[in-house]
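S.K.: Just to be clear, the model below is a prediction. Sequence and coordinates:
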Amino acid sequence: MKKPWGGRFKEATDPAVEKFTASIHFDRRLYRQDILGSMAHARMLCQQGLITPEEEKAILKGLKEIEAEIEAGKFVFREEDEDIHMAIEKALVAKIGAAGEKLHTGRSRNDQVALDLRLYVREEMENILALLRRMRLKLVEIAQKEKNTIVPGYTHLQKAQPVLLSHHLLAYEAMLARDEGRIRDALVRVNVMPLGAGALAGSSLPLDRKYVAELLHFPRVAENSMDAVSDRDFVIECIFACAVIMMHLSRLCEDFIIWSTSEFNFLEIGDSFATGSSLMPQKKNPDVAELIRGKTGRVYGHLLSLFTVLKGLPLTYNRDLQEDKEALFDTVDTVSSSLEVLTSMLDHIRFNRERMAAEAAKGFTTATDVVEYLVLKGLPFREAHSVVGQVVAHCLERNKTFVDLSWEEWVQFSDKFGPDVYKVLSPEASIRRKKTVGSTSFREVEKQLNQAIRRRK
Ligand code: ARG
């Protein structure tokens, strides 16, 4: 079997080498982008008089047929074709003969694969943007429903202060909004058209790169042909953006996992989104959330793997670059499926409002409110902090909470305490009294909600 590049070769490729170097079993995923790029290239070749309109027509028709065959599952992918680029070109030549041999004029697989990859990344990132948006909408919808639900807020996983559940959920909405921004930023640099770079040095043929860019909706062409064929920054940036998304999803999952324990009992995940144990009949496990948390690791791995592949590469193209694809594909699959399943799961979570509210009232969660009460009565902050610390210790020794304390007990600790202290002790009062922008007060959370609703438009 003669290879398209086999002119100078006297021996056939060793089967082990063929198997080892082939990428067709994974890069066949780029068939649509490859065909799209080739069609634009063919149209440009014709416009520039490098092929005739008849040849152009035959190429376009042939490529469309190949696309249909691949989509119908009728196309046979062969290892000896090495990669998707050669497989399609070979099929085209088999179909239309001599005209097919002209398609690769002025092109190398180096700029071809760079183009395919940019088209692919652009499309997949748009899809991830849509999924992020869907999840944000869902979070806003649930935050609307839970805007009166009070939950303990934690630091160090120790009860800290009461917050609104909607505030907690909108924190994740804010993270996902930043994630969208990161992808949009990266897309500016993805959106650069590399074709015309050739193998590395450009071409002596009169190729019209701007025209190809126009046909494929790229606002710019790559300025340096050597950079064009060896740059994979755009892949790294997108995997990075995906790694941050996974990190955010993983944190939300971790909250849900903890909250679903019988110890917390803040929520229940519906049966259709939970799994059981093969041994322990009583168990209901949050496996979806755990898997998202676990899969975050593989996306981090892909990011590091790409950094490592690139770090020692001399300019320009090296076959090492073929290793970018599986990392990218798996990242896209992992992030997309995680976003999808987690968004669906949000509809199957029942928050245990009573339990959350009851827990928010325990553990002296309004101690800071009492400190701020004293500050407003003129006590220096450090002194107020110490006074309330002593009140807490007093309660702990007597197995009491703030609300159990009599008026006489309060004034033992400071003469600044008035009977109005009882008005600051409940979680609800704590939330109501918050005044700062971005706080968990009913008013500020309502503002956040409106902001999020406006942002999503
Ligand atoms: N399969 C190759 C890749 O993924 C395509 C480019 C091959 N170019 C080459 N000069 N061998 O990178």
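M.R.: Sure, I can see it. Predicted model only: the values in this text are computed from it and were never measured.

S.K.: So residue 168 is in contact with residue 149, correct?
M.R.: No. In this structure, residue 168 is not within contact of residue 149 by Cβ atoms under 8 Å, at 9.3 Å. (Glycine included, C-beta is placed from N, CA and C.)

S.K.: so where's the chain shaky on pLDDT?
M.R.: 1, 456-457 (pLDDT under 70).

S.K.: So which elements touch the top helix by length along it?
M.R.: Using DSSP state H, we find that the single longest helix of the chain is helix 109-145. Under the contact definition 3 or more Cβ pairs under 8 Å, 6 or more residues apart in numbering; DSSP states H and E, helix 109-145 sits against helix 31-47, helix 84-96, helix 165-190, strand 192-193, helix 225-230, helix 233-259, helix 324-346, helix 442-455.

S.K.: hmm, 7 Å instead?
M.R.: helix 31-47, helix 84-96, helix 165-190, helix 225-230, helix 233-259, helix 324-346, helix 442-455 (3 or more Cβ pairs under 7 Å, 6 or more residues apart in numbering; DSSP states H and E).

S.K.: Let's have the ones you listed in a markdown table, adding distance to residue 158.
M.R.: A markdown table is the format used below for these (distance: least, Cβ to Cβ, whole Å):
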| stretch | distance to residue 158 |
| --- | --- |
| helix 31-47 | 51 |
| helix 84-96 | 54 |
| helix 165-190 | 16 |
| helix 225-230 | 51 |
| helix 233-259 | 13 |
| helix 324-346 | 27 |
| helix 442-455 | 23 |
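
S.K.: Next, format these as a markdown table and append mean neighbour count.
M.R.: As requested, the helices and strands packed on helix 109-145 are arranged in a markdown table below (neighbours: other Cβ atoms under 10 Å):
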| stretch | mean neighbour count |
| --- | --- |
| helix 31-47 | 22 |
| helix 84-96 | 21 |
| helix 165-190 | 19 |
| helix 225-230 | 21 |
| helix 233-259 | 21 |
| helix 324-346 | 19 |
| helix 442-455 | 16 |
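
S.K.: With distance to the ligand as new columns, can those be given to me in JSON lines?
M.R.: Shown next, in JSON lines, are these (distance: least, Cβ to the nearest ligand atom, whole Å):
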{"stretch": "helix 31-47", "distance to the ligand": "10"}
{"stretch": "helix 84-96", "distance to the ligand": "6"}
{"stretch": "helix 165-190", "distance to the ligand": "17"}
{"stretch": "helix 225-230", "distance to the ligand": "9"}
{"stretch": "helix 233-259", "distance to the ligand": "12"}
{"stretch": "helix 324-346", "distance to the ligand": "6"}
{"stretch": "helix 442-455", "distance to the ligand": "38"}
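
S.K.: Among those helices, which comes closest to residue 104?
M.R.: For residue 104, the closest of the helices and strands packed on helix 109-145 is helix 84-96, at 6.3 Å, according to Cβ to Cβ.
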